[in-house]
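A.B. asks: Need coordinates for the following:
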Amino acid sequence: MTVRITKPEFNLREKLSELDKPVGLHGNEILKSETPQDTFDLVGTGRKNMVINGDMRVSQRHGTGEVVPTNNTYTLDQMRWDMSQSSKFKVQQVTDAPAGFSHSMKVTSLAATSPASTDYFLVQNFIEGKNSARLKWGTSSAQPVTLSFYVKSSITGVHACGIRNRAYNRSITETYTINNQNTWEYKTVTFLGDTTGTWETGTHAGLKINFDIGSGSNFEASPGTWVATADFITSDSVKVVGTSGATWYITGIQLESGKLATPFEHRHITDEMTLCERYYQNSFIEDNIPGTSTAMGDAVITTSWGDGNAPGPNPFRVAMRVAPAVTLRARGSTTVGQVNHNGSNVTASAQQIGSKGIAYIETGAGASANAFNAFTFELNAEMPT
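C.D. replies: Numbering: from 1, shown residues only. Have a look, this model is predicted:
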């Protein structure tokens, strides 16, 4: 008996064309990923953005007010300023932002400053070592990272950004170009992982992201190369501080492992605030400025023990990076180092401070038992330089 088997006809050219069907932009990125880690990062499993407050929504110290920063101080949360001269620019949290974002950080030049070769003006964002350790920098397995952000400036041309280590003896510089004046533009920059050097993996800064706004020639470097110096600009990068009234805005800063930039990780505002409060927190109503506001609602109230000393604001809203520096002010007052004890402002100080709370507030001789203590507080556990 003969058995005859037949198959339906098909068009070979049509079948081959199906192999080239689009998989979408993100699908193409996954197909191009070189390692399982790259694929993991693209899929978005876990928290990918190492930058805290990259969308500039949190400004606990200054609210939406303008501030002229000094060296080693913070404006918006996690935005730390490094400068050799003060009074050259002002900083403000504003609502001018690209689609999908509500806030940005605005920098305005206050003079036409010609930087000396040793001058430096830059904003830094510190990534704690416990969060950057997974990059394996300082080893042969060091992973690349991609920095992405939205930027707008009145100064077009080449701008510099980079990464440095805690000791400032390892650095890499890259550039981005602002093509259109006063227009929001999206930028991405990829940095090779550093296979040498010492990179913090504890509670200090594991790496430091920097954006230059007009530093001097002593800090010039060739882009894309790790060097054993603290350099962070290029010979052709522009100087925002060189033009009086020049502006530079930034938001949506994201640093993630891998060579590809993915969409910004929008976190719940409660989560973002909690991340910020590991490093700094206060008792003030949102947008009330510590050291300036005298609103009664800024204060907390505790009741003295039998010895007259008072409980602290315990526990802290979130465990802090280390035991914080504590600033106390009496309710309704801007004077540091006091609490309002039973209706009178008295000298006071926090004692036995830990990362989760204060053992007690010492209110001095003559303090009354079972009295109220009304005060505002600031807790500062920011990473040192």
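
A.B. asks: elements contacting the longest strand belonging to the chain?
C.D. replies: In the chain, taking DSSP state E as the definition, the longest strand is strand 247-257. Counting by 3 or more Cβ pairs under 8 Å, 6 or more residues apart in numbering; DSSP states H and E, the packing neighbours recorded for strand 247-257 are helix 36-43, strand 104-109, strand 145-153, strand 205-212. C-beta here means a position set from N, CA and C on the backbone, and glycine is covered the same way.

A.B. asks: repeat that for 7 Å
C.D. replies: helix 36-43, strand 104-109, strand 145-153 (3 or more Cβ pairs under 7 Å, 6 or more residues apart in numbering; DSSP states H and E).

A.B. asks: average pLDDT for the first one?
C.D. replies: What that stands for is helix 36-43. Averaging pLDDT along helix 36-43 yields 58.

A.B. asks: Tabulate the CA atom coordinates of stretch 234-254 in CSV.
C.D. replies: C-alpha atoms of stretch 234-254 as CSV (Å, rounded to 0.1, in the frame of the first residue of the first chain):
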residue,chain,number,x,y,z
THR,A,234,37.3,69.4,28.7
SER,A,235,39.2,72.1,26.8
ASP,A,236,36.1,73.0,24.8
SER,A,237,33.4,73.0,27.5
VAL,A,238,31.5,76.2,28.0
LYS,A,239,31.3,78.4,31.1
VAL,A,240,27.8,79.1,32.3
VAL,A,241,29.2,81.4,35.0
GLY,A,242,31.0,83.4,32.3
THR,A,243,27.8,85.1,31.2
SER,A,244,25.8,87.3,33.5
GLY,A,245,22.2,86.2,33.7
ALA,A,246,22.9,82.9,31.9
THR,A,247,20.7,80.0,33.0
TRP,A,248,21.1,76.2,33.3
TYR,A,249,18.3,73.9,34.3
ILE,A,250,18.4,70.1,35.0
THR,A,251,16.0,67.4,36.0
GLY,A,252,15.4,63.7,35.4
ILE,A,253,18.9,62.7,36.4
GLN,A,254,19.3,58.9,36.3
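
A.B. asks: Please identify the buried residues of that stretch?
C.D. replies: 234, 237-243, 246-254 (16 or more other Cβ atoms under 10 Å).

A.B. asks: Any buried residues in whatever helix or strand comes next after the longest strand of the chain, and which?
C.D. replies: Going down the chain from strand 247-257, the next helix or strand is helix 269-277, by DSSP states H and E. Judged by neighbour count using 16+ other Cβ under 10 Å, the buried positions of helix 269-277 are Glu272, Met273, Leu275, Cys276, Glu277.

A.B. asks: what's the closest non-adjacent residue to the second one?
C.D. replies: The spatial neighbour of Met273 that comes closest, neighbours along the chain excluded (Cβ to Cβ, 6 or more residues apart in numbering), is Val58 at 5.9 Å.
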